[in-house]
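>>> everything below, folded, please.
(one chain, ligands or ions: 2)
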Amino acid sequence: MYVIITKNAAETMQVGRRLAALVRPGDVITLSGSLGAGKTTFAAGFGEGLGIDEPVTSPSFVLVRSYSSGFTPLVHVDAYRLTSLGEFADLDVLDEAAEGVLLIEWGDAVVGVLPEDHLRIHIDVDLDDDETRTITFHPNGGWNQRPLEEVIQ
Ligand code: ADP
Ligand code: MG
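Ligands and ions are numbered 1, 2, ... in the order given. Below is the predicted model of the structure:
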């Protein structure tokens, strides 16, 4: 488990950018935390780090947005409005992202059908300060061998 505290949205984006340096095709990453915690903000920084030439924006209405202009493809999912694992399976995003990175907001709901090798990221909002977030990384399987300490420094 790795933890970093950010003091504003730009710092959270910076953490996302640093994580992008560690990813490989086939990676699966989930983001959790309450509405407004900063999941999409993190994803936007991650997209910048991948070199995607357009802003990564919330997929909450379309469920899935895909980007191919970075050094690895990104499939960005918002699972908030999914009501069953079957609906998630129907999106077929694990296949779509096989050659790229799959990043799932509200991903805790579908973690049971994800590969053993995945990274879970949780963002907590500070009760005393509007702009402080605690970001916790939970590596699973092969992610335990990745240098996540480079992301939290
Ligand atoms: P989510 O996708 O989790 O619902 P968003 O990323 O869409 O959340 O929104 C997070 C909001 O909180 C943005 O308006 C962002 O500017 C703000 N914010 C304030 N402080 C931070 C921080 N430290 N990290 C991320 N977002 C922050
Ligand atoms: Mg969001």
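>>> only C-alpha atoms from now on, for both contacts and neighbour counts.
Will do.
>>> need the residues of this structure near ligand 1, please.
Taking CA under 6 Å from any ligand atom, the part of the chain that reaches ligand 1 is made up of 6-9, 12, 34-41, 131-133.
>>> those, buried ones only, as a PyMOL selection?
This is how PyMOL selects the buried members of the residues of the chain next to ligand 1, with burial counted by 16 or more other CA atoms under 10 Å:
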select buried, resi 6+9+12+37+38+39+40+41+132+133
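>>> which of the residues of the chain next to ligand 1 fall within helices?
Ala9, Thr12, Lys39, Thr40, Thr41 (DSSP state H).
>>> next, format those as CSV and append pLDDT and distance to Ser69.
CSV is the format used below for these (pLDDT from 0 to 100; distance: CA to CA, whole Å):
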residue, pLDDT, distance to Ser69
Ala9, 98, 24
Thr12, 98, 22
Lys39, 98, 21
Thr40, 98, 19
Thr41, 98, 19
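>>> mind listing what's buried in stretch 65-73?
Arg65, Ser66, Tyr67, Gly70, Thr72, Pro73.
>>> same check, this time on stretch 121-140
121-125, 132-139.
>>> need the max-distance pair from those.
With CA to CA as the measure, no two of the buried residues of stretch 121-140 lie farther apart than Thr132 and Pro139, at 22.7 Å.
>>> please enumerate the helices of this protein.
9-20, 39-49, 85-91, 93-96.
>>> just the ones you listed: most buried one?
helix 39-49 (a mean of 24; mean count of other CA atoms under 10 Å).
>>> counting contacts, what elements does it pack onto?
helix 9-20, strand 101-105 (3 or more CA pairs under 8 Å, 6 or more residues apart in numbering; DSSP states H and E).
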